[in-house]
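Student: pasting the sequence and the predicted coordinates here, then a few questions.
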Amino acid sequence: MDRLKWFYPFAIFIFSIVALAASLFLYIYWYIGVSKGLTAVIEKYHIDPGQIFEISTWVVIMVLSLLVGIILIGIFFIFLYYQKTWQLYRLQRNFINNFTHELKTPVTSLKLYLDTFAKYNLSRDDQIKYIGFMIQDVDRLLDNINRILNLARIESSSYWKEFEKADLVDAVQQFYKRNADLFPNCDIRIHNSVGKPLFYPINPPLFDMFLMNIMTNAVKYNESATPRVDVRFIARKKRLDIQFEDNGIGIDKAEVKKIFRIFYQIGHTDNMTAKGGGLGLYMASQIAKIHKGKVTAESEGIGKGAVFTLTLPLRVPVEG
């Protein structure tokens, strides 16, 4: 795969050089050979030389223009490929740096606690306290590993394919009940303006993963005393919108369309490290596509919160 990534731009570059060389060769060939031949014909049949040379000149110009066009197109594609390759490299580098940090931090913490257990005779209360911290670190490691495994399975289309018709309002409510401990001191509100169950075929594990990524992001990127997430269900004529509105740090308008790219992290520069590994929102967008929908983001700017919207086509009517 890596060889192919480098083969295509190299092949295009070689093709462009060959086209350029061919254009120069043909120009010299036609100028010398064709001119001599036409001169001989003109002298033999006493033809007006202006008409003949005018036609041959336009043929040369047309062919050379075509070859130059091919060269320019080739160079343009090389430029685009280079830009995309460099962008992907930069995003991957950022991801590796941040993900390495995400793995190293709990491992270092675990080593510290284990060294403490090995060197000191701790009371039972201290042991329980440190074991609790170690369990938190292990959970953090498992979460990071699962994100990578889930991403690989989603992209390889080997994830669970079983879909079942479910009430989306109830699915969100049950998700919140099961994971309430992940949202301490948070104000989570679920609004159903339709007032009826909203049924849609979903893959429950994937849908839970979508909710996890969207809602934990709303809490993670939040500096309010009480993080708030309002989940609204809005049934429109041909689609169903599920909106997740938060009071978080917001998103710069220039970043809104970029945040669903793989490895992309808001606010990452060489001197500043962004939170997370740049996978959560990308996975959310892929899960939305698996459910025949799409996820979008809106924000009035930094400090003004954000609204994430999952849009699903209403292929089945709203049922009560």
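Tutor: Here it is on my side, so go on.
Student: okay, CA-based contacts and neighbour counts for the rest of this
Tutor: OK.
Student: find the nearest non-adjacent residue to E298, please.
Tutor: Of all residues not flanking E298 in the chain, V307 sits nearest, at 5.2 Å (Cα to Cα, 6 or more residues apart in numbering).
Student: can you tell me what sits against the helix or strand that contains that neighbour?
Tutor: Here V307, judged by DSSP states H and E, is contained in strand 306-313. Contact with strand 306-313 is made by 214, 238-251, 288, 291-300, as judged by Cα atoms under 8 Å, 6 or more residues apart in numbering.
Student: tell me the strands beside it, with direction?
Tutor: With DSSP bridges as the test, strand 306-313 is paired with strand 239-246 (antiparallel), strand 294-298 (antiparallel).
Student: I'd like to know which of the contacts of strand 306-313 are buried.
Tutor: For the contacts of strand 306-313, a burial check counting by 16 or more other Cα atoms under 10 Å picks out 214, 239-251, 288, 291, 293-295, 297-299.
Student: now do the helices in this protein.
Tutor: Using DSSP state H, the helices of the chain run over 2-29, 35-45, 49-119, 124-155, 168-178, 204-220, 280-290.
Student: any low-confidence regions in the stretch 151-300 of the chain?
Tutor: Applying pLDDT under 70 to the stretch 151-300 of the chain flags residues 151-161, 263-278.
Student: also the stretch 1-150 of the chain?
Tutor: If you take pLDDT under 70 as the line, the stretch 1-150 of the chain has these spans: 1-10, 13, 24, 27-58, 60-61, 87-88, 90-102, 144, 147-150.
Student: could you redo the last one with a cut-off of 50?
Tutor: Where the stretch 1-150 of the chain drops to pLDDT under 50, the residues are 1-2.
Student: local confidence estimate at the closest residue to I249 other than its chain neighbours?
Tutor: Residue nearest to I249 in three dimensions, not counting chain neighbours: G303, with 4.5 Å by Cα to Cα, 6+ apart. pLDDT recorded at G303 is 84.
Student: likewise the one 5 residues further on?
Tutor: Here the pLDDT value assigned to F308 is 94.
Student: neighbours around the residue nearest to I249, how many?
Tutor: The number of residues packed near G303 is 16, by other Cα atoms under 10 Å.
Student: hang on, it packs against G248?
Tutor: Yes: counting by Cα atoms under 8 Å, G303 does reach G248; the two are 6.8 Å apart.
Student: circling back to that earlier point, among the strands paired with strand 306-313, which is nearest L72?
Tutor: Closest approach to L72 among those (Cα to Cα): strand 294-298, 36.3 Å.
Student: now tell me what touches that closest one from outside.
Tutor: So strand 294-298 is contacted by 251, 256-257, 284-285, 288, 306-312 (Cα under 8 Å, 6+ apart).
Student: I'd like to know which of these are buried.
Tutor: 251, 256, 284-285, 288, 306-312.
Student: dump these to TSV, plus distance to R140.
Tutor: Formatted as TSV, the buried ones among the contacts of strand 294-298 follow (distance: Cα to Cα, whole Å):
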residue	distance to R140
I251	26
V256	28
A284	20
S285	23
A288	25
A306	26
V307	27
F308	25
T309	27
L310	27
T311	31
L312	32
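Student: of all those residues, which two lie farthest apart?
Tutor: I251 and L312 (23.5 Å).
Student: ok, Q173 - contacts?
Tutor: Applying Cα under 8 Å, 6+ apart, the residues near Q173 are I190.
Student: from here on, count from 6
Tutor: Understood, numbering begins at 6; the last thing we discussed is Q178.
Student: measure it to D251 for me?
Tutor: From Q178 across to D251, the span is 17 Å (Cα to Cα, to the nearest Å).
Student: check I83 too.
Tutor: I83 is 42 Å from D251, by Cα to Cα.
Student: do the same with M67
Tutor: Taking Cα to Cα, one finds M67 at 60 Å from D251.
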